[in-house]
Structure formats: C-alpha cells, structure tokens
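[1] I'll drop the sequence and a predicted model, then ask my questions.
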Amino acid sequence: MYEHYFQCPYCWEEISVLLDPSVKRQVYIEDCEVCCNPIEFLVGFEENELQEFEIQNIEQ
C-alpha cells in the first residue's frame, strides 16, 4: 500500500489515503475523515509509482 497526503477540498485539512499500486487506474469516492464530505479520487500508477492523483469535491 502507498500512503499519500493531500488537502481536503472542503475543510482544507491535510489527510492521508492508502492507495493500492497493484491497480493501475482507480476512480472512487471516499468521505473525508475530518469533515465527512464525499471526495472523488482519480489515481493512476505506472510501474508501482504514483503518476496521477486528482481529487474533486462532489457538489451536494
């Protein structure tokens, strides 16, 4: 597993997420562990290295 730190697009707190480098491309939704708002993740790995990491708030 690969731990990656980022800033929540809602509350601006720095949080971390565990990413699985065995899955080359991932798109999923996970709640912020601080403010509980949903965040969409786009993650891409190449040769077990993180190449793409984008987050987007999901307007409610």
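    Good, I have the coordinates. Numbering: from 1, shown residues only.
[2] helix or strand: which one has residue 56?
    strand 49-57 (DSSP states H and E).
[3] gap between that strand and the chain center?
    Mean C-alpha position of strand 49-57 versus that of the full chain (Cα atoms, centre = their mean, to the nearest Å) differs by 6 Å.
[4] cool, stretch 8-19 as well?
    Relative to where its chain is centred, stretch 8-19 has its mean C-alpha point 8 Å off (Cα atoms, centre = their mean).
[5] what's the answer for stretch 29-41, then?
    9 Å.
[6] what's the answer for stretch 6-19, then?
    8 Å.
[7] ends of it, how far apart?
    12 Å (Cα to Cα, to the nearest Å).
[8] show me which positions of it end up buried.
    Within stretch 6-19, the residues scored as buried using 16 or more other Cβ atoms under 10 Å are 8, 17, 19. Quick note: C-beta positions are derived from backbone N, CA and C, even for glycine.
[9] contacts for it?
    1-5, 26, 30, 32-35, 37, 39, 41, 43, 45, 50, 53, 55-57 (Cβ atoms under 8 Å, 6 or more residues apart in numbering).
[10] which stretch of helix or strand covers the residue nearest the centre of the chain?
    Centroid-nearest residue in the chain: residue 41, 4.4 Å away (criterion: Cα atoms, centre = their mean). In this structure, residue 41 sits in strand 38-46 according to DSSP H and E.
[11] what's the strand holding residue 56 packed up against?
    When contacts are defined as 3 or more Cβ pairs under 8 Å, 6 or more residues apart in numbering; DSSP states H and E, strand 49-57 sits against strand 2-7, strand 38-46.
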